[in-house]
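Engineer: kindly return the folded structure for what I paste below:
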Amino acid sequence: AGHGDSPPSDAVATEQGRVALLDRVLQELALRRPVLVSPSMSGRFAVPFLLARGARLAAFVPIAPAGTRGHAAERFQQLQTPTLILYGDGDAGLGPRALQSLRHLPRHQVAVLRGAGHACYVDRPQDFHRVLLAFLRQLG
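Structural biologist: Residues are numbered from 1 along each chain as shown. Modelled structure (predicted):
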């Protein structure tokens, strides 16, 4: 989608196109009820997918994701997907901004990693994995 040196694509220019792409990926991989982990710009794919197909996910782990604005709180409130909202305390941008929207998810938890910036999984990998694994274990 133009990031990571990938060429721009009309297929993912719309939210519907991005949802369709993730749908195809999950079908091709034959994944049933996966946990969708979504850092930063991948939120432009994951958040619309959550809103359209949240019941297909076992859980959602947004990590300071883009793409949370522009969706009504009521849309998030209708979802029952267990969610772990993660970001670093040094992220003054996307982390807190995403929380403003995602806090409306009824089954959410928040983890703020101390001493970490936007890429909290890079800055504090052990803390990131500890929090993520604890969340996954409680899913059952």
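
Engineer: just the helices in this protein please.
Structural biologist: 15-28, 43-53, 73-77, 94-102, 120-123, 125-139 (DSSP state H).

Engineer: what about the ones you listed, which gets the closest to residue 5?
Structural biologist: helix 43-53 (16.7 Å; CB to CB). Using the backbone N, CA and C atoms, a C-beta is placed for each residue, glycine as well.

Engineer: for the closest one, packing partners?
Structural biologist: Contacting helix 43-53 under the criterion 3 or more CB pairs under 8 Å, 6 or more residues apart in numbering; DSSP states H and E are the following elements: helix 15-28, strand 35-39, strand 59-63.

Engineer: what's the most buried one of the helices of the chain?
Structural biologist: helix 43-53 (a mean of 22; mean count of other CB atoms under 10 Å).

Engineer: that one: how far from the chain's middle?
Structural biologist: The chain centroid and the centroid of helix 43-53 are separated by 8 Å, computed with CA atoms, centre = their mean, to the nearest Å.

Engineer: which one is the most centrally placed residue in the chain nearest to, not counting chain neighbours?
Structural biologist: The centroid of the chain falls nearest to residue 62 when counting by CA atoms, centre = their mean (2.7 Å). Of all residues not flanking residue 62 in the chain, residue 38 sits nearest, at 5.0 Å (CB to CB, 6 or more residues apart in numbering).

Engineer: ok, now which ones touch that neighbour?
Structural biologist: 45-47, 60-63, 65 (CB atoms under 8 Å, 6 or more residues apart in numbering).

Engineer: ok, it to residue 47 distance?
Structural biologist: Per CB to CB, to the nearest Å, residue 38 is found 8 Å from residue 47.

Engineer: now for the two: what residues contact both?
Structural biologist: In contact with both residue 38 and residue 47: 62, 65, using CB under 8 Å, 6+ apart.

Engineer: hmm, back to that, so what's the residue nearest to the centre of the chain up against?
Structural biologist: 38, 43, 46-47, 68, 83, 85-86, 98, 102.

Engineer: cheers, nothing more for now.
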